[in-house]
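Chemist: Sharing a model prediction with you, sequence too.
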Amino acid sequence: MESFRKTLFLFVLCTLPCKINAILQSPSSPFSCKRFTPIYAFGDSITDTGNKVLAFPASATASHPPYGQTYFGRPTGRYCDGRLMLDFLTTALNEDLLPPHLAHPAPDGSENFAFGGATALDAQSLSRIANVTGPASISLDIQISYFNNDTSCANLSDALVYFGMIGGNDYISTFRAQRPASIVEKLIDPVAMAISTALSDIISRGVKHIVVQGQFPIGCVYVLTYVLRSSTTDRNGCIESANLISYEHNRRLKNAVSAIARKHTDVNIVFFDTSAAFFYILENAKLFGFTNLHEPCYTGVLQLYAGRSVNASLGTEACSNPQNYISWDGIHFTEGMYHALMKLFLTDPRFVSPSSNFLSSCTHI
C-alpha cells in the first residue's frame, strides 16, 4: 500500500503542471491563443494615437482639451474623449497601448503608423480623379513605406496588423468640395485597390495575422449631414447618397479580403463590417447606453468648418456625459462608441467575415 501511495504521489506531481498548462491554454481562457507580437496599425484619425499631433502640435485639434478627458485626463493625440477601437483591442489582448510611429518606439516593437487626416490615395491621384485636395497628411502608401523601413529585418510571423479605417477622408473631402456623388463613386475602385495592394505588401513581408476594419457609414457623420443637409436622408437621419459610398466601399473591401484569404490559406485575415455594426448600435442605442445619437458631445472643432483657425478660443467645454453620446466632435466618435464597436467585433460573428474571428478566443472585453 505504501508503495502504491508513493507511485500515485509521483504521478500527480509529474502530471499536475501539464494539466494546469492545458487549463490555461483551453478555449475558455481569455488569453488562450498565442501572443501576437509585435502589433502594428495603419489608418486615419480613427486609429491615430498621436502621429498627427507630433507632426503638427500647434494646429492638430487633438492636442487641445477636452480631447482625452474621459480616460487619460489630458490630450494624448487621440481624436476622441478617451480610448480608440485599437486601444480596446490591445487591452483585450493584454498588450500595451500602441505608441505612435513619430514617437520613435523601440526597434522591432509595436508601432502605430495611422495618421489623422490620412487618405488611401496619394494627393496626385485624389486631385486627378476628383479634382480635390485632401487634408495635409500622410497617405497610406507612405505609412506602408514607414512600416517596411522600420521592420526591414524583423520576423513578422507572430505579428498582428490592425488595418484601421482608411478611405473616409478621400470620400468626405470630395463631398465637402461639393462634388456630386457620381464623382465620389469614381474613387471607390482606386481606394479599394490601394488598400488591397497595401495588404498584399504586408503579407509579402511575412505577416500572418491581419484585421481589416471597414468604413463607417459616412452619411451618419455629423459634419457631413450638415454639409449635405439638403440631401435625402434615411430613417436614421443619415445621408443616403453618402452611405451608398460606404456600402460599396465595404463590399469591395470585403471581397478583396475574401480573395486574399483564399489565396493565402496560411494567413489569418478577417474583415470587420463597421457599417453594419454601427447601424446595429444605432438601432439598439438604449442597450448600449446611448441617448444622443447624432449631435456631438464637443462642438468646438466644428468651428473649423466655419473658417476659424485652431486656437484656445475654440473652447474646451464638452458635454458632461460623453458615455451617452455616439459622436464626440462631429467627425469622430466617443470612447463609449468605440468600445461598443470593438466588443461587437470580438464577440459577435455576424459582423466578421470571411471566417470566424481568430482573435475571439484570445481576448476578453
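Modeler: Cool, the structure landed.
Chemist: residues in contact with Y171?
Modeler: V184, L187, V191, I218, A242, I245, S246, H249 (C-beta atoms under 8 Å, 6 or more residues apart in numbering). No exception for glycine: its C-beta is placed from N, CA and C like everyone else's.
Chemist: just the residues you listed now: which is nearest F113?
Modeler: V191 (17.8 Å; C-beta to C-beta).
Chemist: Against T316, how distant is V211?
Modeler: Counting by C-beta to C-beta, to the nearest Å, the separation of V211 from T316 is 34 Å.
Chemist: what's the answer for E111, then?
Modeler: 30 Å.
Chemist: again, but for C153
Modeler: C153 sits 44 Å away from T316, going by C-beta to C-beta.
Chemist: Those two: who's more crowded?
Modeler: A side-by-side neighbour count of C153 and T316, using other C-beta atoms under 10 Å, places T316 first with 13 against 7.
Chemist: isn't the more buried one right up against S63?
Modeler: No. Under the criterion of C-beta atoms under 8 Å, T316 is not in contact with S63, lying 12.0 Å apart.
Chemist: which residues sit in contact with the residue minimising distance to the centre of the chain?
Modeler: Nearest to the mean C-alpha position of the chain, by C-alpha atoms, centre = their mean, lies G164 at 3.5 Å. Neighbouring residues of G164 by C-beta under 8 Å, 6+ apart: A41, F42, G43, D44, I46, T47, M85, L86, A114, Q213.
Chemist: Neighbours of the spatially closest residue to it that is not a sequence neighbour, how many?
Modeler: Nearest non-adjacent residue to G164, counting by C-beta to C-beta, 6 or more residues apart in numbering: G43, 2.7 Å away. A total of 27 residues lie near G43 under the criterion other C-beta under 10 Å.
Chemist: Run through the residues that contact G43.
Modeler: A114, A118, Y162, F163, G164, M165, I166, Q213.
Chemist: beta partners of the fourth one?
Modeler: What that stands for is F163. F42, V212 (DSSP bridges).
Chemist: Number of residues surrounding A103?
Modeler: Neighbours around A103, by other C-beta under 10 Å: 14.
Chemist: ugh, wrong one, S152
Modeler: S152: 8 neighbours (other C-beta under 10 Å).
Chemist: Got the confidence number for it?
Modeler: You'll see S152 listed with a pLDDT of 91.
Chemist: E248 - that's part of a helix, no?
Modeler: Yes. Per DSSP: H, G, I helix; E, B strand; the rest coil, E248 lies within a helix segment.
Chemist: That one against L187, yeah?
Modeler: No. With contact defined as C-beta under 8 Å, E248 and L187 do not form a contacting pair (10.4 Å).
Chemist: Compare these two (neighbour count), which wins?
Modeler: The neighbour comparison of E248 against L187 (other C-beta under 10 Å) goes to L187, with 26 against 15.
Chemist: Quick one: residues contacting the more buried one.
Modeler: L121, L126, I129, A130, G167, D170, Y171, T174.
Chemist: okay, those in CSV with secondary structure, pLDDT and distance to T347 next?
Modeler: Listed next are the contacts of L187 as CSV, based on DSSP: H, G, I helix; E, B strand; the rest coil; pLDDT from 0 to 100; distance: C-beta to C-beta, whole Å:
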residue, secondary structure, pLDDT, distance to T347
L121, coil, 97, 34
L126, helix, 95, 37
I129, helix, 96, 38
A130, helix, 95, 38
G167, coil, 97, 26
D170, helix, 96, 31
Y171, helix, 96, 29
T174, helix, 95, 35
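Chemist: Out of those, the closest to L224 would be?
Modeler: Closest to L224, out of all of the contacts of L187 and judged by C-beta to C-beta, is Y171, at 9.0 Å.
Chemist: Can you tell me how far that closest one is from P217?
Modeler: When Y171 is compared with P217 (using C-beta to C-beta), they lie 11 Å apart.
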